[in-house]
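Participant: Provide a 3D model corresponding to the input given below.
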Amino acid sequence: MSVLVGSFVWKDSTTKLSNTATTTTSLSPPTYSTESYIVAITDAAQTELDTLSAGEIITKQFKTDYSHIKKLHKRTDNAGNFSSHATPEVEKLICERLNIELLTRDYSEVQKGKDICDRVCGVAKARMRSWIATGNDLLNAIDIKEGMEYAGGINNTKIAVVEIVPDQGHLDKTSIPNVSTLRSIRYTSDHMKVYKASNIGTGISIPYKQIDFETNMRIMSPFDCSIDKQQSSTIPKQRNDRKHHFLILCPVSDCTASFESNADLESHIAANLHNVPDKQRRTANDIARLHLTELIRTTAIDSQQQVTSIFHSQDMSHIDLTKSVHYEKFSSVGWGLRSRKHRNPMSENVKNFMEKLWIGSRKSHSKLTPQQIQQQIRTKRDDNGEKLFQTNEYSTLSQIKYRSRKIARKHDVTPKQELIAEIMEMNTE
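Facilitator: Model prediction:
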């Protein structure tokens, strides 16, 4: 799993006048706005094609949110860029597709202290640590987004989850002769001027080579839709442990029958089905039990009348709770409880898939590790190119180890036999 962060800073176009104590007026200092975007990737080798594809998704979302911005200066860390990469020209191509003019590209950022992307990453890591501390497990890129959105998320930051599509995407290769690394690039209409150091020397003019580029990613969870909204149910589930249950007792003396509704009580009285014990000699236990029943009957009737009057006086049906800023947090039942992510049991499809892998490894005399099995479960695809298992079917290493032991016992293979087979393979090699 990998994460790419892109932050944008721009000066607001509106300038306000501030009145001083005298009769003169002066312009207030300009204000700057920021917006950050984080892309979480499922399985990425962090190649040049992966980085450019994720950057295109971030730039496209920024253009959608702020369509009035037409020009862009790009800047990244102090690592520099090798001349054999096609990144400089492809980044201009991406901006042209989005009707944005890319002016400069610098590979040098502020070295004293942290820049904006580093600060956003620091807050995101703190959110994820808090989310994990509440009992959640970080298993895939969806969990990264859910963890970063925990406790209200990060200000002025949007998060998306993307997936790399195998055998899709294309990037032509190019090179700049006699140049090892690039530090600064200035773009014009017909060529780009590259520098080994920012604003030093005359630079080298390189004409554009019309590089072909196609993205290799698709969005799994968009920027504008949070995980809570994706997983929330339209009808809240009812929980019996959050309700007050009142038992209604029969008003007839010596009748010990109880009911949960007034309709049942009326039917009981109409049918004259009173549960009155016969007149006989009572023990001390009988007397105490009947006294307790009479006390509960009196208290329950008073409490039910009081609760009914309170419900009628505090009727909230005429108030629109959806406009409340707290409704989103308190609408789900059990919001005050400690959140605990329940582990789903392993599905039958995953069990059958693991058994096939185990049998194949026995025939080829090459034992698969739990990490390799987990990787195949997450990346295996069918003939149509679709993922064989969904994210909610992903298994943990503990589940895979336990299932492997059960499969071995099913085929009468003991741990001792597996150890002997591994030692023999090592000696054979």
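Participant: Tell me the helix or strand right after the helix or strand harbouring residue 131.
Facilitator: Using DSSP states H and E, residue 131 sits in helix 116-133. The helix or strand immediately downstream of helix 116-133 is helix 141-148, counting by DSSP H and E.
Participant: The helix or strand following that next one - contacts with which helices or strands?
Facilitator: Reading on from helix 141-148 to the C-terminus, the next helix or strand found by DSSP H and E is strand 157-164. Contact here means 3 or more C-beta pairs under 8 Å, 6 or more residues apart in numbering; DSSP states H and E; on that basis strand 157-164 packs against strand 32-41, helix 48-65, helix 141-148, strand 217-221. C-beta: built from backbone N, CA, C; applies to glycine.
Participant: so which of these is the most packed in?
Facilitator: For the helices and strands packed on strand 157-164, the largest average neighbour count (mean count of other C-beta atoms under 10 Å) is found in helix 141-148, namely a mean of 23.
Participant: Do I have it right that residue 249 meets residue 257?
Facilitator: Yes - with contact defined as C-beta atoms under 8 Å, residue 249 counts as touching residue 257 (7.4 Å).
Participant: related to what we said a few turns ago, could you dump the helices and strands packed on strand 157-164 into JSON lines with mean pLDDT and distance to residue 402 added?
Facilitator: Shown next, in JSON lines, are those (pLDDT from 0 to 100; distance: least, C-beta to C-beta, whole Å):
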{"stretch": "strand 32-41", "mean pLDDT": "93", "distance to residue 402": "29"}
{"stretch": "helix 48-65", "mean pLDDT": "93", "distance to residue 402": "34"}
{"stretch": "helix 141-148", "mean pLDDT": "91", "distance to residue 402": "22"}
{"stretch": "strand 217-221", "mean pLDDT": "91", "distance to residue 402": "29"}
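Participant: Out of those, flag the one nearest residue 106.
Facilitator: The closest of the helices and strands packed on strand 157-164 to residue 106 is helix 48-65. By C-beta to C-beta, the value is 15.2 Å.
Participant: Neighbour count: residue 249 and residue 257, which is higher?
Facilitator: Taking other C-beta atoms under 10 Å, residue 249 and residue 257 do not tie; residue 249 has more neighbours (19 against 16).
Participant: Look up the residues forming beta bridges with the more buried one.
Facilitator: Counting by DSSP bridges, residue 249 is bridged to residue 258.
Participant: can you tell me how far it sits from residue 263?
Facilitator: Distance, residue 249 to residue 263, using C-beta to C-beta, to the nearest Å: 15 Å.
Participant: With residue 160 instead?
Facilitator: Noted for residue 160: a distance of 53 Å to residue 263, by C-beta to C-beta.
Participant: These two: who's more crowded?
Facilitator: Remark: of residue 160 and residue 263, residue 160 carries more neighbours, 22 against 9, as counted by other C-beta under 10 Å.
Participant: Tell me the confidence at the residue nearest to that one when sequence neighbours are not counted?
Facilitator: Spatial nearest neighbour of residue 160, excluding adjacent residues (C-beta to C-beta, 6 or more residues apart in numbering): residue 223 at 4.6 Å. On pLDDT, residue 223 comes in at 92.
Participant: can you check residue 335 too?
Facilitator: 58.
Participant: roughly how far apart are the closest residue to residue 61 other than its chain neighbours and residue 50?
Facilitator: Nearest residue to residue 61 in three dimensions, chain neighbours excluded: residue 223, at 5.2 Å (C-beta to C-beta, 6+ apart). According to C-beta to C-beta, residue 223 and residue 50 sit 18 Å apart.
Participant: Kindly report the same for residue 151.
Facilitator: Note on residue 151: its distance to residue 50, by C-beta to C-beta, is 30 Å.
Participant: In this structure residue 171 contacts residue 86, no?
Facilitator: Yes - with contact defined as C-beta under 8 Å, residue 171 counts as touching residue 86 (6.1 Å).
Participant: got any residues that touch both of those two?
Facilitator: Common neighbours of residue 171 and residue 86, counting by C-beta atoms under 8 Å, 6 or more residues apart in numbering, are 48, 211, 213.
Participant: out of these, which one sits closest to residue 400?
Facilitator: Top of the list for closeness to residue 400, among those and by C-beta to C-beta, is residue 48 at 33.3 Å.
Participant: The residue nearest to that closest one when sequence neighbours are not counted is in what secondary structure piece?
Facilitator: Once flanking residues are discounted, residue 48 sits nearest to residue 85: 5.8 Å by C-beta to C-beta, 6+ apart. Counting by DSSP H and E, there is no helix or strand that carries residue 85.
Participant: How many neighbouring residues does residue 85 have?
Facilitator: Neighbour count of residue 85, defined by other C-beta under 10 Å: 19.
Participant: Can you check what pLDDT the model gives it?
Facilitator: pLDDT recorded at residue 85 is 75.
Participant: so how far is residue 215 from it?
Facilitator: Counting by C-beta to C-beta, the separation of residue 85 from residue 215 is 17 Å.
Participant: what does residue 100 give?
Facilitator: Distance from residue 100 to residue 215, by C-beta to C-beta: 17 Å.
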